[in-house]
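okay, here's the prediction I keep looking at, along with the sequence it came from:
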Amino acid sequence: MSAQKPISSDAQRADFDEFLLLIGRLNYTWTNTESLLLHLIAGLSGTTKDVAVVIFLTLNTTRARVDLVERLAKMDHQKPEERDAVLRLTRGLMKLSGARNRFNHCIYAFDPEGGPPRSILMRIADRKDGIRMGQALDLDAAAVDSIARSIADLTLVNRDIWAHISRYGYPA
């Protein structure tokens with residue numbers, strides 16, 4: 001039985017470059033979709049788009065921005081159908097944040113034997129009696145498919161948010 005020949009560094013680099021392009025597309029799609037929250041802020045708070053931009057940029061995390069949008073939607077003066085639609089949109093967005101976080105808050109490791117590169121999550125997971133760190137994921141076809149699905153799902157959320165902005169006449 002002969003030993004498997006390691007994948008050449010050129011082939012591995014080309015595959016990783018393709019993966020980085022996909023991560024870039026995920027980031028672009030995420031950022032583009034997250035920026036639509038400013039229109040929800042403007043519409044739900046009854047302010048201008050310019051004021052909403054200042055509010056949006058002042059809040060420096062996605063979680064803070066989504067919390068604000070959800071709290072504005074839950075205010076007593078909001079129509080229940082509008083509130084429920086906004087909450088569906090924000091929950092859909094946050095459901096997809098895991099993929100973005102997974103590939104933005106990691107380091108990448110390369111197998112000297114030619115195996116697939118891996119992402120190593122730079123996060124501590126607290127458990128009942130301990131902690132877990134360094135969860136690794138092979139950057140294989142399954143990872144690529146997962147990222148591609150996340151991009152497609154984010155595109156749908158983006159379109160749904162635009163439809164909501166139009167439906168309720170929010171500043172655009």
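Everything's here; your move. In this text the structure is predicted, and so the values were computed from the model without any measurement.

show me the shaky parts of the chain.
Across the chain, the ranges flagged by pLDDT under 70 are 1-14.

can you map out the strands along it?
106-109, 118-121, 124-126, 131-133, 136-138 (DSSP state E).

what strands flank the last one, and is each parallel or antiparallel?
Partner strands and pairing direction for strand 136-138 (DSSP bridges) are strand 118-121 (antiparallel).

try the first one
Strand 106-109 has these partner strands in its sheet, going by DSSP bridges: strand 118-121 (antiparallel).

contacting residues around the strand it pairs with?
The contact list for strand 118-121 (C-beta atoms under 8 Å, 6 or more residues apart in numbering) reads 102-103, 105-109, 111, 134-139, 143. Any C-beta I mention is one placed from the backbone N, CA and C, and that applies to glycine too.

and if we set it to 6 Å?
106, 107, 108, 109, 134, 135, 136, 137, 138 (C-beta atoms under 6 Å, 6 or more residues apart in numbering).

repeat for stretch 83-98
By C-beta under 6 Å, 6+ apart, the residues outside stretch 83-98 that reach it are 66, 69, 70, 73, 150, 153, 154, 157, 160, 161, 164.

widest-spaced pair of the residues you listed?
Spanning the widest gap among these are 73 and 150, at 24.4 Å by C-beta to C-beta.

among those two, which residue is more densely surrounded?
residue 150 (23 against 20; other C-beta atoms under 10 Å).
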